[in-house]
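K.L.:
For reference, the sequence and a predicted model appear below.
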Amino acid sequence: MKPGVIVLALLLMTAGGTSAQETYTYTSHGTQEMKLDIYRPAKPRPDHATVVYVFGGGFVLGARNDSTATRCCRLLAEQGFTAVSIDYRLWLRRMSRDSIKWTKVLTYFDSAIRVATEDCCAALRYLIDNSDRLAINSDKIILTGNSAGAVTVLQTDYCRANSRAEASVLPKGWKPAAVIPYAGAVYETHGKLKYATPPAPTCFFHGTEDKIVFYRTFHLCKHRLAGASWLVKLSRKTATRIGLCASKAAATRWLAICPTQCKSSKRLSTQPWQDA
């Protein structure tokens, strides 16, 4: 992608206008239909690049057509990208504080990430299988999201790289053109966190003081949630093109982080690349 993924990341921090929208059902779970919205650019990029946006909300709140998702997708369409905002199952809505034992919280959390990843992969498979009809270049699909959405896009690429069951619907050999998580992490319960094959080129944005999705890493028994700081170190071992922009700005206000804040950060390591 030219002039680089870092430019796209900065575009996501500004306001946008309007664009046309289409809605499709990409899969279903019983009576629950999972939908995706497509925002078309008036002047598409020559490579027909597509950005798939996954909303945040702690796996409890949020929607594919909420104000943040709509704002991002409209902005991306203005810049020539086809933007796609997807549904995914909000599993933690099933957890009632009155009826569940707290010993089961981690089980619910594990399930929430797993089903969100499965749904993200199913949406990607739908886009890939219907790329000609939808005028999408399946080799130029970029994943982005904030908070729970950022966890989901990172987990999607992690499961793809490690041939996990959650990503089994993806075509063999396919990988995202890039991943841009805003306050994301990777979740692992099966031993050491590692990539069997290289991750997609990734540009991380994360608040160093984030108390919800940790910037570094969090351990509890066999459960590990690795944030941007740890993932950058791991990804660089695979020779993957990686960028990191970290500041003390609240991660939950990711749309408000501006380039000047990032440049003044105590920890900044960005590496733009020419192609995603």
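P.N.:
Nice, I can see it.
K.L.:
So which residues of the stretch 51-200 of the chain form strands?
P.N.:
Secondary structure of the stretch 51-200 of the chain (DSSP state E, counting those that start in this stretch): strands at 82-86, 141-146, 178-182, 185-188.
K.L.:
got those as TSV, with mean neighbour count, mean pLDDT and distance to residue 230 columns?
P.N.:
Heads up, the C-betas are built off the backbone N, CA and C, glycines and all. Formatted as TSV, those follow (neighbours: other Cβ atoms under 10 Å; pLDDT from 0 to 100; distance: least, Cβ to Cβ, whole Å):
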stretch	mean neighbour count	mean pLDDT	distance to residue 230
strand 82-86	27	97	27
strand 141-146	28	96	19
strand 178-182	29	94	13
strand 185-188	22	91	9
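K.L.:
Would you format those strands as JSON lines with distance to residue 228 included?
P.N.:
JSON lines is the format used below for the strands of the stretch 51-200 of the chain (distance: least, Cβ to Cβ, whole Å):
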{"stretch": "strand 82-86", "distance to residue 228": "22"}
{"stretch": "strand 141-146", "distance to residue 228": "13"}
{"stretch": "strand 178-182", "distance to residue 228": "7"}
{"stretch": "strand 185-188", "distance to residue 228": "8"}
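K.L.:
between these, which one is nearest to residue 204?
P.N.:
Closest approach to residue 204 among the strands of the stretch 51-200 of the chain is made by strand 178-182 (6.0 Å; Cβ to Cβ).
K.L.:
Quick one: end-to-end length of stretch 177-188, please.
P.N.:
23 Å (Cα to Cα, to the nearest Å).
K.L.:
distance between it and the chain's centre?
P.N.:
Between the centre of stretch 177-188 and the centre of its chain there are 5 Å (Cα atoms, centre = their mean, to the nearest Å).
K.L.:
Please apply the same query to stretch 30-42.
P.N.:
That offset, for stretch 30-42, works out to 16 Å (Cα atoms, centre = their mean).
K.L.:
Can you name the residues in contact with it?
P.N.:
19-28, 64-65, 73-74, 76-89, 119, 122-123, 126-127, 134 (Cβ atoms under 8 Å, 6 or more residues apart in numbering).
K.L.:
So which residue is dead centre in the protein?
P.N.:
What sits nearest the mean C-alpha location of the chain, by Cα atoms, centre = their mean, is residue 153, with 3.0 Å.
K.L.:
Test my guess that that one contacts residue 183.
P.N.:
No - shown here, residue 153 and residue 183 do not form a contact pair, counting by Cβ atoms under 8 Å, at 11.5 Å.
K.L.:
about what we covered before: of the strands of the stretch 51-200 of the chain, which approaches residue 107 most closely?
P.N.:
The closest of those to residue 107 is strand 185-188. By Cβ to Cβ, the value is 12.7 Å.
K.L.:
Give me the helices and strands touching the helix or strand just after that closest one, please.
P.N.:
Proceeding N to C from strand 185-188, the next assigned helix or strand is strand 202-207, under DSSP states H and E. Strand 202-207 is packed against helix 5-11, strand 178-182, helix 228-236, strand 242-247, with contacts defined by 3 or more Cβ pairs under 8 Å, 6 or more residues apart in numbering; DSSP states H and E.
K.L.:
who touches the longest one?
P.N.:
Where contact means Cβ under 8 Å, 6+ apart, the residues beyond helix 228-236 that reach it are 154, 181, 183-186, 193-195, 198-199, 202, 204-206, 208, 215-217, 226, 242, 244, 246, 267, 269.
K.L.:
Give me the buried entries from these.
P.N.:
Those of these that meet the buried threshold are 154, 181, 183-186, 193, 195, 199, 202, 204-206, 208, 215, 226, 242, 244, 246, by 16 or more other Cβ atoms under 10 Å.
K.L.:
pLDDT wise, what is the nearest residue to residue 197 once chain neighbours are set aside at?
P.N.:
For residue 197, ignoring the flanking residues on the chain, the nearest one in space by Cβ to Cβ, 6 or more residues apart in numbering is residue 161 at 4.8 Å. The per-residue pLDDT reported for residue 161 equals 96.
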